[in-house]
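In: Compute the structure for the input listed below.
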Amino acid sequence: MATIQVEIEINASIDKVWDVVSDVDNEPKFWKGTKEVRNISKEDNTIKREVTIAFRDQKCLQEVKIYPKEKIEAKFTKGIIDGEKIISLVRKDEKTILSTYWDIRLTGMMGMFTGMIKKHIKSGTEQAMQSIKEEIER
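Out: This next block holds a predicted model:
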């Protein structure tokens, strides 16, 4: 498994940051590795969806659990990626620490390339979080 942790400090309230990151349908706007999101079902705080990722336009199934103003857990349940991505928010004075944690691996024969994609995913995560910060701080 590849684990990745990226944090960024945003000069905004947790409410303002939450408004942007909790709009999970808008994920492709910030996360360039996510090309398209199609919701399959929604029940309470859980969304089941199909995500088309930039890696060879592969489709993955995810179960996303939303914990308001705290975290978003996206578990990959089927496809080339196995594992999860957790986005969390922590208040720090008048600012918010936005954190993204990945614990993933590629499935099947692609598993041997998990280490090679780790750097790519980390870079994409840093870029996404910087874009989120810029959007909020405008």
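In: quick one: residue 61 is in a strand?
Out: Yes. Using DSSP: H, G, I helix; E, B strand; the rest coil, the assignment for residue 61 is a strand.
In: Could you pull out the buried residues of the top helix by length along the chain?
Out: In the chain, taking DSSP state H as the definition, the longest helix is helix 114-137. By neighbour count with 16 or more other Cβ atoms under 10 Å, helix 114-137 contains the buried residues 114, 117-118, 121-122, 124-125, 128-129, 132-133, 136. The way it works is simple: take the backbone N, C-alpha and C, and place the C-beta from them, glycine included.
In: With distance to residue 105 and pLDDT as extra columns, can I get those in JSON lines?
Out: Below are those laid out as JSON lines (distance: Cβ to Cβ, whole Å; pLDDT from 0 to 100):
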{"residue": "114", "distance to residue 105": "5", "pLDDT": "85"}
{"residue": "117", "distance to residue 105": "9", "pLDDT": "87"}
{"residue": "118", "distance to residue 105": "10", "pLDDT": "91"}
{"residue": "121", "distance to residue 105": "11", "pLDDT": "93"}
{"residue": "122", "distance to residue 105": "15", "pLDDT": "95"}
{"residue": "124", "distance to residue 105": "16", "pLDDT": "95"}
{"residue": "125", "distance to residue 105": "16", "pLDDT": "97"}
{"residue": "128", "distance to residue 105": "20", "pLDDT": "97"}
{"residue": "129", "distance to residue 105": "22", "pLDDT": "97"}
{"residue": "132", "distance to residue 105": "25", "pLDDT": "98"}
{"residue": "133", "distance to residue 105": "28", "pLDDT": "98"}
{"residue": "136", "distance to residue 105": "31", "pLDDT": "97"}
